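A.B. asks: coords please:
(2 chains)
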Amino acid sequence: MALLERTAAPAVQAPAKAAERASAGDILRTVIIAAALLMFFLPLVATAIFGFSLPGQGFTLDPLREALAGTTIGAQLLNTLNLAMLSTAGSLVLLVPTLLFLHLKAPGLLRFTEWLSVVPYVVPGIALVAGANLFFRAVAPGFMVSLYSLVPFYMVLTLPLVYRSLDAGIRALDLRTLWAASESLGAKPWQSIVHVVLPNLRGALLGASLLSCAMVLGEYAIAALLLHSTFPVFMVQVGMNEPRAAAALSFLTILATWLLLAVLARSGSGKTTAKGGSR
Amino acid sequence: MISPTRRRLPGWVGAAPLLIFLTVFLLLPIGANIVTSFRVKGEFSLASMAKLLEPQYLDAFIQTFNLSLLTAVIGGAVGLLLAWALATGKKPAWLQNLVMSFSAVASQMGGVALAFAFIATLGVQGLVTQLVLQLTGWDLSQSIQLASFSGLVLVYLYFQIPLMAILMLPAFGSLKKQWPEAAYSLGASRLRYLVDIALPIMWPPIAGSLLLLFANAFGAYATAYALAGGRVNLVPILIGFFISGDVMSDESFAAALVTGMIIVVVAAMGLRVLVERKSRAWHY
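C.D. replies: Down below sits the predicted model:
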């Protein structure tokens, strides 16, 4: 077929052919996108309906309320929110000064740190928790007891995304010029950072924070295996016996994640992290 | 004004906090794990690593490999189509944004919430299962058991497809719109355009993304655990059992399982780096 077309098609027919191709292609594209939307939304809609209704009863919060009665969901939720905030703050405090320093004083090392930042990609959470269990049980047995011992591991897990998001934000600034200008006006380094650099990095800071929060909100493997009670761990416990309540909580979790990422897409850094998406 | 002492700080001082942090919380734990997997009773030994080849454990690696490969290939093919449709179509912007933002969420969503979403949809009491049962009498939950290998394939696709789409969108951006037009106007067929022009440019990012999808599935724990527990023999699940002490604890062998998994993931991601280096060489 293709062969025939190639040898026999006169040049005059080309535009008509192209138009035909385009319309057939458009139909195909519409079908693909419609199918994708359907497949993606079906489980979400089903989850919402399943979680917030009972057969023959319509919308109700009863399954959720019953499952949550007598549990300490508030505590788990608070644990997870605390972890999200602390991990995010920790990542920013570690990475922002490091990246600013390297961009200004030692750009040659950026290649190395960039390489370092993607190492967590080759270590799945389940492998990290196994290694951490071995290492810290031998070196500092008390460390893993605290809920907040999860913070550094969450910082490791989110490092590739957070690093990239911040680095892209800094690259988009003309950092050296900003710094030189600020310095020439007599600003001390901390003044330059607080009053000049950080306000200009707002978008990247927000983007990195949202990504970090979204990941921490859903993290299960590390928390569960180190026996810490976070929100996803609680969800699995509930889900064993109460599928409807688990569905309701899952739906709310997905919604929250979506909200975080939607804010991210609207913020300035959306442009830098999803550069390809905007063609 | 930068003080003279500041000025003299060597560059590596700036990288030191990050380096120390990663050493303590990533490199040393992984190092401890690898050392442990090669030590039995305080002496160097390959016994634990060799035990990985026992049928039960080898089977776990094969199953995990198959699950990762299958979801990477199917998810990759469908995700590629989706990326193509998104990148080349003229659709209302809101639709494009909706699909994009959805893909971003879904690609990050592997986890507990995803497992329960599928139980609510296709589980025994699931909404779609019940609907189909009432309409046609066909029990979906028997045909597609979520707590089985094929069930996991289905659920993993839910994050693999959007992940592939997100990864591939930039690559479609690098295909110039004028190229197919030029090729068609010179009489090339669509097939010839694909084979001679699009494919040579696209294969490195495609192969790289497939490898990432593979690694992504190989290390996934939460979804598989919440859906199947011990009913599917997978490496991450086995590791989980060892850590939580649900099976006879053999520290060295548990570490060997982790080392085996890291070897597979490092191989996949290493290959990805090689492939993508190739794509950069092509572009510049």
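
A.B. asks: Find the closest residue to chain A in the stretch 1-150 of chain B.
C.D. replies: residue B:11 (2.6 Å; Cβ to the nearest Cβ). The way it works is simple: take the backbone N, C-alpha and C, and place the C-beta from them, glycine included.

A.B. asks: how many other residues sit next to that residue?
C.D. replies: A count of neighbours around residue B:11, defined by other Cβ atoms under 10 Å in any protein chain shown, yields 17.

A.B. asks: Please name the residues that touch it.
C.D. replies: Listed by Cβ atoms under 8 Å, 6 or more residues apart in numbering or on different chains, the contact set of residue B:11 reads A:102, A:105, A:106, A:108, A:109.

A.B. asks: ok, so of those, who is nearest chain B?
C.D. replies: Using Cβ to the nearest Cβ, the shortest approach to chain B within the contacts of residue B:11 belongs to residue A:106, at 2.6 Å.

A.B. asks: What is the neighbour count of residue B:59?
C.D. replies: One way to gauge burial is a neighbour count; for residue B:59, by other Cβ under 10 Å, it gives 12.

A.B. asks: Same question for residue A:213.
C.D. replies: Every residue meeting other Cβ under 10 Å relative to residue A:213 is counted, giving 23.

A.B. asks: how far away is it from residue B:16?
C.D. replies: 27 Å (Cβ to Cβ, to the nearest Å).

A.B. asks: Give the residue spans of the stretch 1-150 of chain A that score low on pLDDT.
C.D. replies: Counting by pLDDT under 70, the stretch 1-150 of chain A has low-confidence residues at A:1-22.

A.B. asks: 80 - rerun?
C.D. replies: Counting by pLDDT under 80, the low-confidence segments of the stretch 1-150 of chain A come to A:1-25, A:55-58, A:60, A:62-63, A:66-72.

A.B. asks: Then the stretch 101-250 of chain B?
C.D. replies: Judged against pLDDT under 80, the low-scoring parts of the stretch 101-250 of chain B cover residues B:101-110, B:173-177, B:190, B:245-249.

A.B. asks: Show the residue spans covered by the helices in it.
C.D. replies: Along the stretch 101-250 of chain B, counting by DSSP state H, counting those that start in this stretch, helices occupy B:112-122, B:127-136, B:140-143, B:149-173, B:178-185, B:190-193, B:199-218, B:222-228, B:235-243.

A.B. asks: Quickly compare these and say which is most buried.
C.D. replies: helix B:112-122 (a mean of 28; mean count of other Cβ atoms under 10 Å in any protein chain shown).

A.B. asks: Need the contact partners of that helix.
C.D. replies: Applying Cβ under 8 Å, 6+ apart, the set of residues contacting helix B:112-122 from outside is A:42-44, A:46-47, A:50-51, A:218, A:220, A:232, A:235-236, A:239, A:243-244, A:246-247, A:249-251, A:253-254, A:257, B:126-129, B:140-141, B:144, B:146, B:151, B:154-155, B:158-159, B:222-223, B:226-227.

A.B. asks: Repeat that for stretch B:46-59.
C.D. replies: Contacting residues not belonging to stretch B:46-59 are listed as B:37-38, B:40, B:61, B:233, B:238, B:250, B:252-253, B:255-257, B:259-260 [Cβ under 8 Å, 6+ apart].

A.B. asks: do the same with stretch B:86-94
C.D. replies: Residues outside stretch B:86-94 that contact it (Cβ under 8 Å, 6+ apart): A:25-26, A:29-30, A:33, A:279, B:96, B:99-100, B:165, B:169, B:172-173.

A.B. asks: excluding its backbone neighbours, what's nearest the residue nearest the centre of chain B?
C.D. replies: Nearest to the centroid of the C-alpha atoms of chain B, with distances taken as Cα atoms, centre = their mean, sits residue B:216, at 1.9 Å. Residue nearest to residue B:216 in three dimensions, not counting chain neighbours: residue B:163, with 6.7 Å by Cβ to Cβ, 6 or more residues apart in numbering or on different chains.

A.B. asks: List the residues that contact that neighbour.
C.D. replies: With contact taken as Cβ under 8 Å, 6+ apart, residue B:163 is in contact with B:75, B:79, B:103, B:106, B:107, B:212, B:213, B:216.

A.B. asks: Could you check how far it is from chain A?
C.D. replies: Taken as Cβ to the nearest Cβ, to the nearest Å, the spacing of residue B:163 relative to chain A amounts to 13 Å.

A.B. asks: longest single helix anywhere in chain A?
C.D. replies: Determined from DSSP state H, the single longest helix within chain A is helix A:14-51.

A.B. asks: Quick one: distance of it to the chain centre.
C.D. replies: Averaging C-alpha positions (Cα atoms, centre = their mean, to the nearest Å) puts helix A:14-51 26 Å from its chain's average.

A.B. asks: so how many other residues sit close to residue A:55?
C.D. replies: One way to gauge burial is a neighbour count; for residue A:55, by other Cβ under 10 Å, it gives 7.

A.B. asks: And for the one 3 residues further on?
C.D. replies: Other residues lying near residue A:58 total 8 when counted by other Cβ under 10 Å.

A.B. asks: Also residue A:191?
C.D. replies: Should you count by other Cβ under 10 Å, residue A:191 turns out to have 13 residues around it.

A.B. asks: That one in helix, strand or coil?
C.D. replies: Local secondary structure at residue A:191 is given as helix here, using DSSP: H, G, I helix; E, B strand; the rest coil.

A.B. asks: Wait, it touches residue A:182, no?
C.D. replies: Yes - if you go by Cβ atoms under 8 Å, residue A:191 and residue A:182 touch, sitting 7.3 Å apart.

A.B. asks: Distance check, residue B:141 against residue B:121.
C.D. replies: In this structure, residue B:141 lies at 10 Å from residue B:121, with Cβ to Cβ as the measure.

A.B. asks: list the residues that contact both of the two?
C.D. replies: Contact criterion Cβ under 8 Å, 6+ apart; residues bridging residue B:141 and residue B:121 by contacting each: residue B:129.

A.B. asks: Just want to check the distance between residue B:249 and chain A.
C.D. replies: Distance from residue B:249 to chain A, counting by Cβ to the nearest Cβ: 11 Å.

A.B. asks: still on that earlier bit, farthest pair within the contacts of residue B:163?
C.D. replies: With distances taken as Cβ to Cβ, the most widely separated pair in the contacts of residue B:163 is B:106 and B:212, at 15.5 Å.

A.B. asks: tell me the contacts of residue B:224?
C.D. replies: With contacts defined as Cβ under 8 Å, 6+ apart, residue B:224 is in contact with B:152, B:232, B:234, B:236, B:237.

A.B. asks: Check those residues against chain A and report the nearest one.
C.D. replies: Closest to chain A, out of all of the contacts of residue B:224 and judged by Cβ to the nearest Cβ, is residue B:236, at 4.7 Å.
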